[in-house]
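In: Structure here, sequence nowhere to be found:
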């Protein structure tokens, strides 16, 4: 089962973005992206919503892995 951070990493990679480019799109730091992808930090609801809107991915899938 993929983790929340794993799903966010998948979105980033499917959009062919580096962590730096992804961070820039989201207006967050690259270390924050790294920590989220590695499960050391949990993204805020606002950040998950932004990722969902920018990358056209269902918010519930990001949060739970379910469509």
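Out: It's in. Because the structure is a prediction, the values reported are computed rather than measured.
In: Nearest the geometric middle of the protein, what residue?
Out: residue 8 (3.1 Å; Cα atoms, centre = their mean).
In: Compute the number of surrounding residues for residue 23.
Out: By other Cβ atoms under 10 Å, 19 other residues sit near residue 23. Where you see a C-beta, it was placed from the backbone N, CA and C, and this is true even at glycine.
In: That one is in contact with residue 37, isn't it?
Out: No - Residue 23 lies out of contact with residue 37 (Cβ atoms under 8 Å); the separation is 10.8 Å.
In: give the contact list for residue 28.
Out: Residue 28 is in contact with residue 47, counting by Cβ atoms under 8 Å, 6 or more residues apart in numbering.
In: And for residue 60?
Out: Neighbours of residue 60 in contact, by Cβ under 8 Å, 6+ apart: 66, 67.
In: That one sits in which helix or strand?
Out: helix 59-64 (DSSP states H and E).
In: Report the rounded mean pLDDT for that helix.
Out: For helix 59-64, the mean pLDDT works out to 96.
In: residues near the nearest residue to residue 54 once chain neighbours are set aside, how many?
Out: Closest residue in space to residue 54, ignoring its immediate chain neighbours: residue 25 at 6.3 Å, by Cβ to Cβ, 6 or more residues apart in numbering. A count of nearby residues for residue 25, using other Cβ under 10 Å, gives 15.
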